[in-house]
Structures are given as C-alpha cells and as structure tokens.
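Engineer: take a look and give me a structure for this.
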Amino acid sequence: MSTIAANLQAVEATIEAACQAAGRARSTVRLLAVSKTFPAEAVLEALATGQRAFGENYVQEGVDKIAAVAKARPELVLEWHFIGPIQSNKTRPIAANFDWVHTVDRLKIAQRLSEQRPPERGPLDICLQVNISGEASKSGVAADELPALARAVVALPNLRLRGLMAIPEPQADPALQRAPFARLRALADELAAAGIPVDTLSMGMSGDMGAAIMEGATIVRVGSAIFGARHYE
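Structural biologist: Numbers count the residues shown, from 1 in each chain. Take a look at the predicted model:
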C-alpha cells in the first residue's frame, strides 16, 4: 500500500470516528483531498483508492493539474474545488476549470465568476468564505455583511450558492476548535431562516476535522494528513 493510500485510510478512520461521536452518518461528510503543491502523480495515487474530490489553492497549478490528471485518467469523473484566495484577474480560469469555489468573499468576484462561467459547464457551486475569527489578516466576509452578499450571489445566473466556508484561527484545544465552527453553523441557520437555504459547511482541516464534524461540517478539507508535509518554493 502506498503512503498516500495508507494516509487516506487513516483519515477515513478519523472521519468515521468523529461521525459516530456526533451521531451522524458517515455519508453526511465529504472528504476533499487538498493537493496543492503536490504533483499530478500524487492525485493519481489518491484516485487509485477511490478518492474523487480534490482541492487546489493556486490557479495555474490547479489548472495544469486538472489537465494532466484528465489526460492520464480520462474515464474518471472528478470534482475540482478552488479553495485559495481569488484575485480579480484570475477569475476566468477558475470559472472555466473548477466545479466548486469555496473562497468567494465579495460581490465583485462572484459577478466575474458568473459572467465568465462557460454555459456548457452548468452553474458553478459556490461557498462564501466567512472571517469567523475576526482576524484582520484573514480573508472572508464579516458575519454582519454575510446576508446581503448571500442574497446578491443567489441572484447571479451562473452560480449556485451551496454554503459557507471558514478557516478559523488555529487552536490546539478541541473545545476551543469547536466554537468558531458552531458560529459558522449558526450563520448558516440564520441564512436558512431568512429564506436562503444552504446545504454545505466547508470547515475543518487536518488538525481540527474532528471538531468541525462535531459541529456539522459537510466537507472537510484535508491536505497534509493525506499527502504529507508541503514543500513551498
């Protein structure tokens, strides 16, 4: 068994245990394998285990990898999620190549993604990134500005608002990890009460996915626990 296959097995066990502890069905949580900085070969290894959803943070790297993996395994239907910061001048390749975008935090970006989405690809699934910890250095819409942004995104023709995403301040204590995830879930409930139902909470990474699942995560974004430590140039 390859290292990636063994790591995926261990992550699967962690997710399964967290779902049991939360009284949830395993099928309610999707694993997004975050392959940023790793080559297409690493994605192909993960494919061999049955993993089909992958997350990328960098536009050109992601676009190149999508093409390389499609060339190597054209028979497979994969799901590619963009989960990195979005610059205005990079929206076109994101709209053309990805199935999901988790990091929309302002209307201008959403409008460009909608305008540039190829019609034959169908609506682009969108999560709104919320700055749940209120950190000045973090991307994300402020909680009090979320309802207005959500209403505006719902009205755009080539997007489909699916849910909310957050990257909380790192915490070692599981109880402290759970608090911001609970806040994000409450914001989703508030949107639903206002007539904007969402079905996705993209929250939890390698170090806090258990806490996120306890608070209702439907997608966990796991990179280093699957592919290993990242090497940035």
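Engineer: A strand includes residue 61, no?
Structural biologist: No. Applying DSSP: H, G, I helix; E, B strand; the rest coil, one finds residue 61 to be helix, outside a strand.
Engineer: so it makes contact with residue 38?
Structural biologist: No. Residue 61 lies out of contact with residue 38 (C-beta atoms under 8 Å); the separation is 9.5 Å. Placement of C-beta: from N, CA and C, glycine included.
Engineer: specify which residue of these two has the higher count of neighbours.
Structural biologist: Taking neighbours as other C-beta atoms under 10 Å, residue 61 and residue 38 compare with residue 38 leading, 23 against 16.
Engineer: so who does the more buried one touch?
Structural biologist: Under the criterion of C-beta atoms under 8 Å, 6 or more residues apart in numbering, the neighbours of residue 38 are 227, 230.
Engineer: got it, and residue 162?
Structural biologist: With C-beta under 8 Å, 6+ apart, residue 162 has these contacts: 100, 125-127, 198-200.
Engineer: change it to 7 Å
Structural biologist: 125-127, 198-200 (C-beta atoms under 7 Å, 6 or more residues apart in numbering).
Engineer: distance of residue 47 from residue 38?
Structural biologist: For residue 47, the distance to residue 38 (C-beta to C-beta, to the nearest Å) stands at 13 Å.
Engineer: who's in contact with whichever strand or helix holds residue 54?
Structural biologist: Element membership for residue 54 (DSSP states H and E) is strand 53-56. Residues from elsewhere that reach strand 53-56, judged by C-beta under 7 Å, 6+ apart: 30-36, 43, 62, 65, 78-83, 221.
Engineer: please consider this matter closed, and thank you.
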